[in-house]
Each structure stands twice: as structure tokens, then as C-alpha cells.
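1. Just the structure for this:
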Amino acid sequence: MKIGILQTGHAPDELRPTIGDINNLFERLLNGQGFTFETFAVVDGDFPEGPDVCDGWLITGSKHGAYEDLPWIAPLETLIRDIYSTARPLVGICFGHQIIAQALGGKVEKYDGGWAVGRQTYDWQGDQVYLNAWHQDQVVQRPADSTPIASNAFCENAALVYGDRIFTVQAHPEFDATFIDGLISARAGTVPPALIETAKNNLTKDVDNAQLATKIGAFFKGAKP
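-> This next block holds a predicted model:
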């Protein structure tokens, strides 16, 4: 099964030589589940010819906001709607979670409650799930045909499903402690120091990346999240 990675951002320059770029994180996350990958750097204007190019699609995180006036945002929203109409499975992570909601009638904005940085706890259909996050923007109004399946006190719409077609997550199952530590060094300037300190203290605690990788892989193969 071929998964098209719609890359909407790049890893910090300081991290790429050792960790790779954003698309490489997802290739490693989903490794061993029988997928092949093709990356389209939509952030740089590289788009697929259409939704039929791949069997499933994944939209990555980004430092940009879904609401920004950037030349690639509107074409990406069109592609999202086209993928949805073909019923090919679509996964969105962080920015991907947000841009999919926006493209399908939801609302994304810079959350006035501040930032979520590092290890977070989510109520996932009655279970506690721990994932790394790095965001201030949120889906504050979800599309009518979406259903929330995870939340916490900070982020009401932490994971959404759209029937059996779309599965999106606000957190970053592709981010491990090494990557979060790198982000703290490279992009912590606008984050309150207390949140950064808490994120540093949580670097050694376990997260459920493998569990989410299994959920994403199963979704691509036809299972509901």
C-alpha cells in the first residue's frame, strides 16, 4: 500500500542532519507495517497530480497556521476535499489535523489558553494515552461530520474521525524525546519558560507513539480508529 506524505513543514535545520526531515519521522513511525511512501513537499509547492496517485494520504505538522495566507494552503484544502470524495484514507497530524478540519468546514485559531508542549495526557475513549505535543493553534469548531475520540482539559478536539475516511490527531506520535529536546533548543523562543521546563522534565517518561502507529496503520488498512 502506497502512502502519500503531504509535507507541510520542515524539521529545524539543526536537526535534519541527524534526525532527518518531517517525512522521515513518519516513515520510521510506520515502518514494518507493509507501506511504501512518496513525499510531496506541498509547503514548497510540490503537489501530486490528484488523489488517485496514492492509496492513502498523510498530512504532516508544520510551523505555519492553517489560517495563514500562504499560496499552498488553498490548493491543499482542495486536495483534501478531493481525497475525501474518493474515500481514500486520510490521516492528519497537528497542522494536518487542523487543515483537514478547516477544509471541511471547521474553524482553527490561535488558542487563547496558550501552548501545549511536550508530553501530554489524553482521554482516548476512556483510556489514558500519552503523546508529545507542540502547538498553540487548535480546532476550536469541528466539522459537522467529524466525531471527537480524544480530548483533555486543554484541547477539546484532540483527535477526530470522519466516518471511516479520515483520522486526525492534534499531538505528534512521530515526535520522540530526542526530537522534542531538539525543538526546545531550536524553537522554544515564544513558549513560556515554565512549559519548557516541564517539557524537559518529562523527556524521560514513556509516550504511546507505538500505540498510535498501530492505530494509524490499521486505519490505512481499513479499520476504524
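
2. Report the beta-bridge partners for the residue nearest the centre of the chain.
-> In the chain, the centroid-proximal residue (Cα atoms, centre = their mean) is I93; its distance is 1.1 Å. I93 forms beta bridges with V169, as assigned by DSSP bridges.

3. where's it relative to P193, distance?
-> As judged by Cβ to Cβ, to the nearest Å, I93 and P193 stand 27 Å apart. C-betas here are computed from N, CA, C, even on glycine.

4. Can you give me the neighbour number for D21?
-> Using other Cβ atoms under 10 Å, the number of residues around D21 comes to 17.

5. So it is in contact with G9, correct?
-> No - using Cβ atoms under 8 Å, D21 makes no contact with G9, being 9.1 Å away.

6. Which residue ranges of this structure form strands?
-> Here the chain has its strands, by DSSP state E, at 2-6, 36-40, 56-59, 90-93, 107-110, 116-124, 127-135, 137-141, 147-151, 159-162, 166-169.

7. CA-only coordinates of the fourth one in PDB, if you can.
-> These are the backbone C-alpha positions of strand 90-93, laid out as PDB (Å, rounded to 0.1, in the frame of the first residue of the first chain):
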ATOM      1  CA  LEU A  90      -6.500  10.300   5.000                       C
ATOM      2  CA  VAL A  91      -4.600  10.900   8.300                       C
ATOM      3  CA  GLY A  92      -3.700  14.400   9.700                       C
ATOM      4  CA  ILE A  93      -1.200  15.100  12.400                       C
END
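
8. on contacts alone, who are the packing partners of it?
-> strand 56-59, helix 73-86, helix 95-103, strand 166-169, helix 209-220 (3 or more Cβ pairs under 8 Å, 6 or more residues apart in numbering; DSSP states H and E).

9. Apply 7 Å and report the result again.
-> If you count contacts as 3 or more Cβ pairs under 7 Å, 6 or more residues apart in numbering; DSSP states H and E, strand 90-93 packs onto strand 56-59, helix 95-103, strand 166-169.

10. Put together CSV for those, with mean neighbour count on each row.
-> What follows is the helices and strands packed on strand 90-93, written out as CSV (neighbours: other Cβ atoms under 10 Å):
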stretch, mean neighbour count
strand 56-59, 25
helix 95-103, 27
strand 166-169, 26
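
11. Can you check which of the ones you listed gets nearest to G34?
-> Evaluated with Cβ to Cβ, the helices and strands packed on strand 90-93 place strand 56-59 nearest to G34, the distance being 11.8 Å.

12. I figured the residue nearest to the centre of the chain hits L30, correct?
-> No - the criterion here is Cβ atoms under 7 Å, and I93 misses it with L30 at 11.5 Å.

13. hmm, back to that, I'd like the helices and strands packed on strand 90-93 written out as a markdown table, with mean pLDDT and distance to L25 added.
-> Below are the helices and strands packed on strand 90-93 laid out as a markdown table (pLDDT from 0 to 100; distance: least, Cβ to Cβ, whole Å):
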| stretch | mean pLDDT | distance to L25 |
| --- | --- | --- |
| strand 56-59 | 98 | 11 |
| helix 95-103 | 98 | 13 |
| strand 166-169 | 98 | 14 |
